[in-house]
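In: What follows is a predicted protein model with its sequence.
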Amino acid sequence: MQRRLILYSFLALFFIAGILPVLSLITSSLFKDGVFDLSQFEAIYKNIFLHGTAFSLLKNTFLLSSSVTVISVIIGVTMGIIFEKTDSCCSKLFIFIFAMPLFVPPYITAVSWHMLTGINGFAGSILVLSSSYIAIPLFITIFFLKSVDPALEQAALVSSSWFRVIAKITLPLIMPGVAASAVIVFLLTSGEITVPSFLGYNVFALESFTAFTASYDFKAATILALPLIGFPFILFLLEFYLYKNLKSTAFKNLTAFKNKLKIKLKKNKILLLSSVVSAGFTIAVLPVLILIINAKTLSNYKAAFTLAGNTLLRSIFYSIAGATMLTVTGFFLGYMVNSKKEKLWPIADFGSLFLFTLPGSVTAIGLIGLWNRPETLFIYSSFLIIIIGYTAKYSAVTIRIISAWLSTISSTVNDAAKLSGAGWIRTITFITAPLSAKGIAVAWIAGYLFSLRDTTITMMVYPPGHDTLPVRILTLMANGQPEIIAALCIIMIAAATIPVFMLWIIFKLIQKEKL
């Protein structure tokens, strides 16, 4: 009884934070004064479709999303195989380097490349978003490669080369993960508005955002956001199909295979290492160097702090609060997803993934429509609306991380606690939580980074005086000094990477002490 009450309380919290605003958005667009009415719906869509605007925007969105997906998946999967399946050196360091663009808002990378090359439009958007999302297929590839039975590869190596084994055995086995990462990248790209807006490439998601911000036409913005709600259902259906079929593949528990087969690079190690270093430098290091060079002097950093120091403190505070909320919610909903003992666990699992891939502008419009009313104005006019937005958008990250970590804990541990008379709360407090402490810490870091880098939701829902550093940078880019903007971008990158680096050092010290 205690377990069900607590788990369903957090599920209700997640439903109110994320699912309910989307349902409210849909109903508000289909009903007027409680009566089913499609007149304005038809007028708006006739206007954009008859003038050909919608088709052009949809074509641009599809071309951009497809191109970014192909490039990100090819590079990410290749790097994942190199880091996990070969005896290449410094793999963890390179994984961190390739993940760096994911730590910061994509438009900051866009600022950097624009300062260096002046690149704009379609090509610039592909370059920026591909480098930002490479980490997604990279991490998913490594995760799935850890679950491949090495006995299958060893048997194939008797009569085949490593190249054929990877192509014929390993890649087909991890293809569900590769496909899932491709769909995630596609949907995240289709909902991105800051990079296309900055680089001058019109996409469909901008239409709804512009309708809201330019004229504050909530009805038009809501109606134009509806097609964007349909896209993530593709991911929902695909992942449900992949989830069912993973049961019949050769995947085991992550802790089952410890003696991994490694490809011996031998003479090719230097050549491969130089290629990885070049790719990592171009994708992650060069954009940061460009910003440092453009920031020029320390006086510009001082001016940047004077201009936006208060937003930096707010960003850190909101990110800490958001990460804590995401981690607590993710722990209990991750427990529900991992155990699958409650009938409503798919709401937490697939619902969170749906909201993660849903464009932030759609989620923000739903939050505004639901909370901007006299009864809930005390929430809408405070920073709590921002935390609710983070919880709705990024719960999938913490739920997936903690659920995966909980799957590595043997069920016999909990069974032993139950036999000794310990209740569910005591078992969770003194056994499950301590055993999954590292996973919880990783989830918190991920929640912090995603909350810190959020731009769209924060920009649309923040009350006066509650803007964050990413929002301040975005608003200053229209007429701010390039040196100050570059300095602010460096400050933003430091706010994201320094805490992660410090926590990584703490983990290493703790592990060393335990050993």
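Out: Good, I have the coordinates.
In: shaky segments in the stretch 301-450 of the chain?
Out: Scanning the stretch 301-450 of the chain for pLDDT under 70 picks out 411-415, 417-422.
In: how does it look with 50?
Out: Applying pLDDT under 50 to the stretch 301-450 of the chain picks out no residues at all.
In: Okay, helices next: where are they in it?
Out: 345-357, 360-371, 377-380, 384-406, 411-419, 424-427, 433-435, 437-453 (DSSP state H, counting those that start in this stretch).
In: Make TSV out of the ones you listed and add distance to Ile119.
Out: To be clear about C-beta, it is placed using only N, CA and C from the backbone, and glycine gets the same treatment. Putting those into TSV (distance: least, CB to CB, whole Å) gives the following:
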stretch	distance to Ile119
helix 345-357	27
helix 360-371	24
helix 377-380	39
helix 384-406	29
helix 411-419	53
helix 424-427	55
helix 433-435	47
helix 437-453	22
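In: Out of these, indicate the one that is most buried.
Out: helix 360-371 (a mean of 26; mean count of other CB atoms under 10 Å).
In: How far does it sit from its chain's centre?
Out: Remark: helix 360-371 is offset 18 Å from the chain centroid, using CA atoms, centre = their mean, to the nearest Å.
In: end-to-end on stretch 10-20?
Out: This stretch, stretch 10-20, spans 14 Å end to end (CA to CA, to the nearest Å).
In: Contacts made by that stretch with the rest, please.
Out: The contact list for stretch 10-20 (CB atoms under 8 Å, 6 or more residues apart in numbering) reads 328-329, 332-333, 336, 344, 347-348, 351-352, 355, 363, 370, 388, 391-393, 395.
In: Any buried residues in that stretch, and which?
Out: By neighbour count with 16 or more other CB atoms under 10 Å, stretch 10-20 contains the buried residues Phe10, Leu11, Leu13, Phe14, Phe15, Ala17, Gly18, Ile19, Leu20.
In: doesn't Ala437 make contact with Phe331?
Out: No. If you go by CB atoms under 8 Å, Phe331 and Ala437 don't touch, sitting 10.8 Å apart.
In: what's the nearest residue to Lys269 if we skip its chain neighbours?
Out: Nearest residue to Lys269, sequence neighbours excluded (CB to CB, 6 or more residues apart in numbering): Ser88, at 6.7 Å.
In: My error: substitute Phe332 in the last question.
Out: Nearest to Phe332 is Phe10, by CB to CB, 6+ apart, at 4.3 Å.
In: Kindly report the same for Asp87.
Out: Closest to Asp87 by CB to CB, 6+ apart is Lys262, at 4.8 Å.
In: Where do the strands of the protein begin and end?
Out: 31-32, 35-36 (DSSP state E).
In: mind checking how far Ile136 is from Leu313?
Out: 30 Å (CB to CB, to the nearest Å).
In: higher neighbour count, those two?
Out: Remark: of Ile136 and Leu313, Ile136 carries more neighbours, 20 against 13, as counted by other CB atoms under 10 Å.
In: domain ranges for the chain?
Out: Residue ranges for the domains of the chain, per automatic domain parsing: 1-32+309-467, 38-295.
In: Ile506: which of those is closest?
Out: domain 1-32+309-467 (8.9 Å; CB to CB).
In: Would you mark the buried spots in stretch 498-507?
Out: Pro499, Val500.
In: Repeat that for stretch 123-141.
Out: Taking 16+ other CB under 10 Å as the criterion, stretch 123-141 shows 124-141 as buried.
In: Could you verify my assumption that Lys393 touches Leu353?
Out: No. Lys393 is beyond contact range of Leu353, at 11.4 Å (criterion: CB under 8 Å).
In: out of the buried residues of stretch 123-141, which are inside helices?
Out: 124-133, 135-141 (DSSP state H).
In: now Ser126: how far from Asn120?
Out: If you look again at residue 126, you'll see it is Ile, not Ser. From Ile126 to Asn120 the distance is 12 Å (CB to CB).
In: likewise Tyr8?
Out: 50 Å.
In: got it, and Thr329?
Out: Counting by CB to CB - Thr329 and Asn120 are separated by 40 Å.
In: More neighbours: which of the two?
Out: The residue with more neighbours, out of Thr329 and Asn120, is Thr329; 24 against 15, by other CB under 10 Å.
In: what sits against the more buried one?
Out: Taking CB under 8 Å, 6+ apart as the contact definition, Thr329 lies against Phe10, Leu13, Phe14, Thr391, Ser395, Thr398, Ile399.
In: Looking at those, which one is closest to Leu449?
Out: Closest to Leu449, out of all of the contacts of Thr329 and judged by CB to CB, is Thr398, at 11.3 Å.
In: The closest one: what's it in contact with?
Out: By CB under 8 Å, 6+ apart, the neighbours of Thr398 are Leu326, Thr327, Thr329, Gly330, Phe331, Gly334, Ala443, Trp444, Ala446, Gly447.
In: Pick the one among those residues closest to Val461.
Out: The shortest approach to Val461 among the contacts of Thr398 belongs to Leu326, at 16.6 Å (CB to CB).
In: give me every residue that touches the closest one.
Out: Leu326 touches Tyr390, Thr391, Tyr394, Ser395, Val397, Thr398, Ala443, Trp444, Gly447, Phe450, Ser451, counting by CB under 8 Å, 6+ apart.
In: Ala392 versus the nearest residue to it once chain neighbours are set aside, what's the distance?
Out: Using CB to CB, 6+ apart and skipping the chain neighbours, the partner closest in space to Leu326 is Gly447 (3.6 Å). Using CB to CB, we find Gly447 at a distance of 13 Å from Ala392.
In: Ala494 now?
Out: 28 Å.
In: now do Ile498
Out: Relative to Ala392, and taking CB to CB, Ile498 is found at 27 Å.
In: cool, Phe15 as well?
Out: Relative to Ala392, and taking CB to CB, Phe15 is found at 10 Å.
In: now do His466
Out: For His466, the distance to Ala392 (CB to CB) stands at 17 Å.
In: what stretches of the protein score poorly on pLDDT?
Out: In the chain, residues with pLDDT under 50: 247-256, 515.
In: wait, what's in contact with the residue nearest to Thr194 when sequence neighbours are not counted?
Out: Distances taken as CB to CB, 6+ apart put Tyr107 closest to Thr194, at 4.1 Å, once the chain neighbours are dropped. Residues counted as contacts of Tyr107 (CB under 8 Å, 6+ apart) are Val128, Thr194, Val195, Phe198, Thr455, Ile473, Leu474, Met477.
In: And for Phe144?
Out: Counting by CB under 8 Å, 6+ apart, Phe144 makes contact with Leu173, Ile174, Pro176, Gly177, Val178, Phe251.
In: please redo it, this time with the cut-off set to 6 Å
Out: Ile174, Gly177 (CB atoms under 6 Å, 6 or more residues apart in numbering).
In: try Tyr390
Out: Residues near Tyr390 by CB under 6 Å, 6+ apart: Gly322, Ser451.
In: quick one: it from Leu152, how far?
Out: Counting by CB to CB - Tyr390 and Leu152 are separated by 41 Å.
In: again with Thr306
Out: 60 Å.
In: If anything else comes up later, I'll come back, but that's it for now.
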